[in-house]
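Colleague: structure of the sequence below:
(one chain, ligands or ions: 1)
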Amino acid sequence: MGRARKSYENPYGRRWQFDTVRCKIPVPMRHRLATVFVLAAAATAWATASDWSRLHVHVPDDAAMQRLLDSDLNIMQCHPGCGGTDVIAGPGDEFKLRMLGFDFTYVGPMAAPDAWAKSQINRTAANASIQSDEYRNRYFTADEILTFFENLRTTYPVFVTRRQIGTSINSEPIWAYRFGRPLRTGGQPENNIVFINLIHAREWVSGSVGMHIGLRAAQTLSAPQQTPFLPNQALWIVPITNPDGYRFSWTNDRYWRKNRRRNSGGSFGVDLNRNFGTGWGGGGSSGNQSSLIYRGTAAFSEPESVAIRDFAISLGRVGAYIDFHSFSQLILWPWSYTSNRAADWQAFDAQGRRMQTAIRQPWGVTYTQGQGFQTIYQASGVTPDWFYDRFRASAYTIELRDDGTFGFELPADQIRPTQDEAWAGALQLIAETPR
Ligand SMILES: [Zn+2]
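Modeller: Residues are numbered from 1 along each chain as shown. Model prediction:
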């Protein structure tokens with residue numbers, strides 16, 4: 001089986017025509033077919049036959065990539081050198097791709113965006129008690145995540161407090177939870193470490209990681225030990241940075257990424273991770289309102305990004321920052337908006353390697369590390385660039401599991417190892433952050 005056949009019978013009986021698709025890229029077909037079966041298994045977990053599929057789109061150069069990003073197609077991920085990116089394609093999208101001049105191959109079936117919501121009609125509520133392991137085995141809704149954090153706060157009232165840092169487009173509060181010792185008066189002001197989760201709605205394992213780091217931080221703070229944890233430091237966790245988008249990904253569209261801004265042209269959503277001020281408006285963001293990476297009408301045009309910005313500024317001192325995303329298993333540091341080296345790039349490179357080593361410890365999985373621009377792709381207006389620019393913080397994006405086999409729909413049995421890896425990386429960064 002060396003090359004694509006003329007047609008392919010997918011597991012749901014629909015015949016996929018390849019005759020109009022020129023397969024220019026040497027797709028390792030055996031690998032692709034293996035992916036088909038894996039994806040079929042994943043899709044059937046919450047859906048049956050659908051008109052949705054995962055396509056691998058050949059992207060020859062940067063200009064073509066920008067053309068794809070400016071469209072309204074639902075892009076999954078891209079790496080330089082991979083020669084392309086996968087797209088979540090619904091009815092009409094294959095035609096759209098051809099009109100834009102792209103070649104593509106069929107990777108596997110995907111569930112319809114609303115199939116998840118339908119499968120959840122009789123869902124029993126998760127046990128959000130912090131004594132339960134359920135948050136390690138199952139994805140939590142927005143309400144369940146917030147209940148989990150509230151349970152943390154009532155169990156560890158001395159070490160866990162919270163603050164409302166803003167309000168979403170749909171008027172939902174955005175919370176930041178503080179983990180640390182009670183504020184002292186006088187002395188050197190404490191250094192702050194900020195972690196944010198679920199800025200992108202569909203990257204659900206990011207929310208699971210936030211809960212785990214919160215619980216482990218509270219437990220470590222309250223356990224008597226020889227070396228103090230978070231000495232003259234505070235760890236802040238924003239469990240759900242994009243609450244409207246996250247809810248929407250449960251109720252309407254499992255593949256939703258942006259916030260729920262109603263744009264002037266009638267489409268919905270601004271990509272909050274293209275809406276920050278450093279390098280805003282540059283390559284790897286889009287001015288098209290329908291684009292998945294629509295940057296908004298101006299830097300900080302969105303209440304969710306303003307909430308993060310103003311909260312961080314109110315802290316005064318921010319030494320470290322992580323924005324948790326999925327997927328691709330990467331540790332990325334500034335800059336993402338330019339290929340120029342950051343003044344501290346050597347320190348980032350060394351620290352990135354130490355975090356990589358720490359993350360590898362629990363399960364033997366290696367996350368690639370490097371400057372955002374070169375390691376993943378150019379992205380302008382992203383959060384770590386702003387945190388580094390504003391505070392000179394050790395600021396990272398961590399792309400959690402997996403390598404792309406399942407992508408956003410990471411199977412629940414991978415939540416636990418992903419949490420372990422994130423906690424290991426977080427501990428390394430916390431230990432290296434000045435007091
Ligand atoms: Zn993301």
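Colleague: neighbours of Gly277, how many?
Modeller: 16 (other Cβ atoms under 10 Å). (C-beta placed from N, C-alpha, C; glycine too.)
Colleague: pretty sure it sits in a strand.
Modeller: No. The assignment for Gly277, made by DSSP: H, G, I helix; E, B strand; the rest coil, is coil rather than a strand.
Colleague: what residues are up against it?
Modeller: Ala299, Phe300, Arg309, Gly381, Trp386, Asp389 (Cβ atoms under 8 Å, 6 or more residues apart in numbering).
Colleague: the fourth one: which element?
Modeller: Applying DSSP states H and E as the criterion places Gly381 outside every helix and strand.
Colleague: for the ion, see how far away it is.
Modeller: The gap separating Gly381 from the ion is 13 Å, by Cβ to the ion, to the nearest Å.
Colleague: what subset of the contacts of Gly277 is buried?
Modeller: Neighbour-count burial (16 or more other Cβ atoms under 10 Å) is assigned, among these, to Ala299, Phe300, Arg309, Gly381, Trp386, Asp389.
Colleague: between these, which is nearest the ion?
Modeller: For the buried ones among the contacts of Gly277, the residue nearest the ion by Cβ to the ion is Gly381; the value is 13.1 Å.
Colleague: flag every buried residue along stretch 392-401.
Modeller: In stretch 392-401, counting by 16+ other Cβ under 10 Å, buried: Ala393, Ser394, Ala395, Tyr396, Thr397, Ile398, Glu399, Leu400, Arg401.
Colleague: in helices only, show me these.
Modeller: Members of these lying in helices (criterion: DSSP state H): none.
Colleague: those: which two are farthest apart?
Modeller: Ala393 and Arg401 (24.9 Å; Cβ to Cβ).
Colleague: which residue comes closest to Asn116 once chain neighbours are left out?
Modeller: One correction, residue 116 is Trp, not Asn. Spatial nearest neighbour of Trp116, excluding adjacent residues (Cβ to Cβ, 6 or more residues apart in numbering): Arg254 at 4.2 Å.
Colleague: ok, now Arg341?
Modeller: That would be Gln371: by Cβ to Cβ, 6+ apart, it lies 7.3 Å from Arg341.
Colleague: and that neighbour, how far from Gln378?
Modeller: In this view, Gln371 and Gln378 are 11 Å apart by Cβ to Cβ, to the nearest Å.
Colleague: find the residues that touch each one of these two.
Modeller: In contact with both Gln371 and Gln378: Ser336, using Cβ under 8 Å, 6+ apart.
Colleague: at which residues are the helices of this structure located?
Modeller: Under DSSP H, the chain gives helices at 29-44, 62-70, 93-99, 115-119, 142-155, 205-222, 243-251, 303-315, 345-363, 372-375, 383-391, 415-432.
Colleague: other SSEs contacting the shortest one?
Modeller: Helices and strands in packing contact with helix 372-375 are listed as strand 330-333; criterion 3 or more Cβ pairs under 8 Å, 6 or more residues apart in numbering; DSSP states H and E.
Colleague: helices or strands next to the strand it packs on in the packing?
Modeller: helix 345-363, strand 368-371, helix 372-375, helix 383-391, strand 394-400.
Colleague: buried sites along stretch 302-310?
Modeller: Neighbour counts using 16+ other Cβ under 10 Å place Glu302, Pro303, Glu304, Ser305, Val306, Ala307, Ile308, Arg309 of stretch 302-310 among the buried residues.
Colleague: so who does the second one touch?
Modeller: Okay, so that is Pro303. By Cβ under 8 Å, 6+ apart, the neighbours of Pro303 are Gly166, Thr167, Ser168, Ile169.
Colleague: considering those residues, which possesses the most neighbours?
Modeller: Top of the contacts of Pro303 by neighbour count (other Cβ under 10 Å): Ser168, with 23 neighbours.
Colleague: my guess is that residue meets Tyr246, correct?
Modeller: No. Applying Cβ atoms under 8 Å as the test, Ser168 and Tyr246 come out as separate, 9.7 Å apart.
Colleague: what is the neighbour count of whatever residue of the stretch 201-350 of the chain ends up closest to the ion?
Modeller: Using Cβ to the ion, the closest approach of the stretch 201-350 of the chain to the ion is made by His325 at 3.4 Å. Residues near His325, counting by other Cβ under 10 Å, number 24.
Colleague: ok, Pro434 next?
Modeller: Residues within reach of Pro434, counting by other Cβ under 10 Å, total 11.
Colleague: what about it, distance to the ion?
Modeller: As judged by Cβ to the ion, Pro434 and the ion stand 28 Å apart.
Colleague: circling back to that earlier point, a markdown table for the buried residues of stretch 302-310, including distance to Ala424 and pLDDT?
Modeller: Converted to a markdown table, these look like this (distance: Cβ to Cβ, whole Å; pLDDT from 0 to 100):
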| residue | distance to Ala424 | pLDDT |
| --- | --- | --- |
| Glu302 | 32 | 98 |
| Pro303 | 33 | 98 |
| Glu304 | 28 | 98 |
| Ser305 | 29 | 98 |
| Val306 | 32 | 98 |
| Ala307 | 29 | 98 |
| Ile308 | 25 | 98 |
| Arg309 | 29 | 98 |
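Colleague: just the closest of these to Gln351, please.
Modeller: Nearest to Gln351 among the buried residues of stretch 302-310 is Ile308, at 22.3 Å by Cβ to Cβ.
Colleague: so the closest one touches Ile240, yeah?
Modeller: No. The criterion here is Cβ under 8 Å, and Ile308 misses it with Ile240 at 11.9 Å.
Colleague: can you give me the pLDDT of the residue in the stretch 51-200 of the chain that the ion sits nearest to?
Modeller: Among the residues of the stretch 51-200 of the chain, His200 lies nearest to the ion; the distance is 3.5 Å by Cβ to the ion. On pLDDT, His200 comes in at 98.
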